[in-house]
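Peer 1: Requesting a structural model of the entry that follows:
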Amino acid sequence: MVLGRDGSEIDWHVGYSPPPEKFLEKLEMSVKGVDTAKSLSESYARDPKNIDVVFKLAQKYDDRLDSYDPQQKQKIVNLYKEVLALDPDGKKGTTDYDDKKVTYTEYAEFALSVLAFRGSERNVESLKAFIKKYPEGVMLKDAYMYESFYYGHSGTKEEADKFFEEYTAKYPDDPYVLDSYVTRIIQDKDPLEKGIQIAEKIKEMMKLNPEPRFIKNLAELYVLKGLPEKADEIYGKNFMEGRVSLLGYNLIDYANFWVKQNKNTDSAVAMAETAHKLSPDNWYYTQQLAQIYIKLNKEEKALEVFGPELAQKNWDKSNNLASYARFWTNQGKNLASALEAAKRSVELSSEAYTWDALSQVYLKLKNYPEALKAAEKAADLAEGPYAEAYKKKIETIKKAMAEEKK
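Peer 2: The predicted structure follows:
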């Protein structure tokens, strides 16, 4: 609400959508008195035939007034009808709608069809008339969407089937449109084969990142079909664990991105901690959370989640211990624990990787003789390009030893 000094209403803006700069621009216009509810009302009183003023005022009241209140709704309806009377052919002005231009007339007709649909009467015929008049219009899909709200729960099965066949044929590649039909089929429990066919298509369309409610609908169809084992296959424990895993990786990616920018760090930490809480035994999440703590100078927090206690819990997992040793070697911290973990890793699994991890800890501790022994063992066990890499590390250790003698 924008109020004058006397407390009277100057203007209003209902809802917010980004970017903030655009919203600020609207507020600044209100402060300047440009196209405010007050200025438009005053202009309308002086010249009720000005199409721009009538349309903008109609939008203002449409935004704010309760369209379910008969008296308020009628005020909006009257203004839009005046727009149509002043510009029946749609030639006197346009407005923006979803980054596209639409005539005042088409906008007003759409608004009136939606207003007729709202309320207890649920007049769906107005939407049908709009769709018929503007079969390629900018607002067509939204008109269909409102009509789908009706047929999603109302109308006979035959009427609903006819509408959804038309709707899905118009937008065959929109999973949300297709799912609206699936939802109605679940309600009617028929035609199940058709529903499964559509739901399977949605599943295929979104196979890289399926939306759980779509998969739930497919599972529900299989249950109605008498195939609960199929429902469990697609929407059981494995499915949701996969969703949790994907969410965890996305949270970690988000956290690393913002820590790198040194912005939104509180949010970054919170998201990384959320990933860890979702899967506390996931080694990658835990290590990444510790890395984030280190980058933000929170070493104690890092040690809490990825310190000696965790190493003990993984005392029989060679790869985890080697990874743990490498992590702290790279930080140059917690080296006593890193050395114990690396030694244990070699005991469990004598591989090039584990010997190399041990070598790196010794090197960081400047225990060059032991570092050299472990590096040579790693090189002996390695094959192909890895062997060459380990040999280069041996040379690095020897150079460090020579420098120390000097």
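Peer 1: just the CA coordinates of the helix or strand bottoming out on mean pLDDT in the chain, formatted as PDB?
Peer 2: Considering only helices and strands, the least confidently modelled element of the chain by mean pLDDT, DSSP states H and E is helix 385-405, at a mean of 89. What follows is helix 385-405 as a C-alpha-only set of coordinates in PDB (Å, rounded to 0.1, in the frame of the first residue of the first chain):
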ATOM      1  CA  PRO A 385      50.500 -43.700 -16.500                       C
ATOM      2  CA  TYR A 386      50.100 -43.900 -12.700                       C
ATOM      3  CA  ALA A 387      53.500 -45.400 -12.300                       C
ATOM      4  CA  GLU A 388      55.100 -42.500 -14.100                       C
ATOM      5  CA  ALA A 389      53.200 -40.100 -11.800                       C
ATOM      6  CA  TYR A 390      54.500 -41.900  -8.700                       C
ATOM      7  CA  LYS A 391      58.000 -41.800 -10.100                       C
ATOM      8  CA  LYS A 392      57.800 -38.100 -10.400                       C
ATOM      9  CA  LYS A 393      56.700 -37.900  -6.800                       C
ATOM     10  CA  ILE A 394      59.800 -39.900  -5.800                       C
ATOM     11  CA  GLU A 395      62.000 -37.300  -7.500                       C
ATOM     12  CA  THR A 396      60.200 -34.500  -5.600                       C
ATOM     13  CA  ILE A 397      60.900 -36.300  -2.300                       C
ATOM     14  CA  LYS A 398      64.600 -36.800  -3.200                       C
ATOM     15  CA  LYS A 399      64.900 -33.100  -4.100                       C
ATOM     16  CA  ALA A 400      63.400 -32.200  -0.700                       C
ATOM     17  CA  MET A 401      65.900 -34.500   1.000                       C
ATOM     18  CA  ALA A 402      68.800 -32.900  -0.900                       C
ATOM     19  CA  GLU A 403      67.500 -29.400   0.100                       C
ATOM     20  CA  GLU A 404      67.300 -30.500   3.800                       C
ATOM     21  CA  LYS A 405      71.000 -31.700   3.700                       C
END
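Peer 1: Could you give the separation of it from the chain centroid?
Peer 2: Relative to the mean C-alpha coordinate of its chain, helix 385-405 is positioned 47 Å out (CA atoms, centre = their mean, to the nearest Å).
Peer 1: Does anything pack onto that helix? Which helices or strands?
Peer 2: For helix 385-405, the helices and strands in contact under the criterion 3 or more CB pairs under 8 Å, 6 or more residues apart in numbering; DSSP states H and E are helix 352-364, helix 368-381. In short, each C-beta sits where N, CA and C put it, glycine included.
Peer 1: deepest of the ones you listed, which one?
Peer 2: Comparing the helices and strands packed on helix 385-405 on average neighbours per residue, with mean count of other CB atoms under 10 Å, the densest one is helix 352-364 at a mean of 23.
Peer 1: Could you figure out how far the least confident helix or strand of the chain is turned away from helix 368-381?
Peer 2: Angular relation of helix 385-405 and helix 368-381 on a 0 to 180 degree scale: 160 degrees, by axes from the mean of the first three to the mean of the last three CA atoms, to 10 degrees.
Peer 1: can you list contacts of helix 385-405?
Peer 2: By CB atoms under 8 Å, 6 or more residues apart in numbering, the surrounding residues in contact with helix 385-405 are 352, 356, 359, 363, 366, 368-369, 371-372, 375-376, 378-379, 382.
Peer 1: Tell me which two of those sit farthest apart.
Peer 2: Distance extremes for the contacts of helix 385-405: the farthest pair is Lys366 and Ala382 at 24.0 Å, using CB to CB.
Peer 1: neighbour-wise, which of these two wins?
Peer 2: Residue environment comparison for Lys366 versus Ala382 gives the larger neighbour count to Ala382, 19 against 10, counting by other CB atoms under 10 Å.
Peer 1: Could you tell me the model confidence score at that one?
Peer 2: For Ala382, the model assigns a pLDDT of 89.
Peer 1: For Leu221, see how far away Lys194 is.
Peer 2: 10 Å (CB to CB, to the nearest Å).
Peer 1: Neighbour count for those two, which is higher?
Peer 2: Remark: of Lys194 and Leu221, Leu221 carries more neighbours, 25 against 16, as counted by other CB under 10 Å.
Peer 1: returning to what we had before: format the contacts of helix 385-405 as a markdown table; extra columns: distance to Pro210.
Peer 2: Formatted as a markdown table, the entries for these read as follows, by distance: CB to CB, whole Å:
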| residue | distance to Pro210 |
| --- | --- |
| Ala352 | 40 |
| Asp356 | 40 |
| Ser359 | 45 |
| Leu363 | 47 |
| Lys366 | 52 |
| Tyr368 | 54 |
| Pro369 | 56 |
| Ala371 | 49 |
| Leu372 | 52 |
| Ala375 | 47 |
| Glu376 | 50 |
| Ala378 | 43 |
| Ala379 | 46 |
| Ala382 | 41 |
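Peer 1: for those, which one is nearest Asp99?
Peer 2: Taking CB to CB as the measure, Asp99 sits nearest to Asp356 out of the contacts of helix 385-405, at 55.3 Å.
Peer 1: list the contacts for the closest one?
Peer 2: Under the criterion of CB under 8 Å, 6+ apart, the neighbours of Asp356 are Ala374, Ala375, Ala378, Tyr390, Lys393.
Peer 1: Same question for Tyr293.
Peer 2: Contacts here follow CB under 8 Å, 6+ apart; on that basis Tyr293 touches Val269, Glu299, Lys301, Ala302, Val305.
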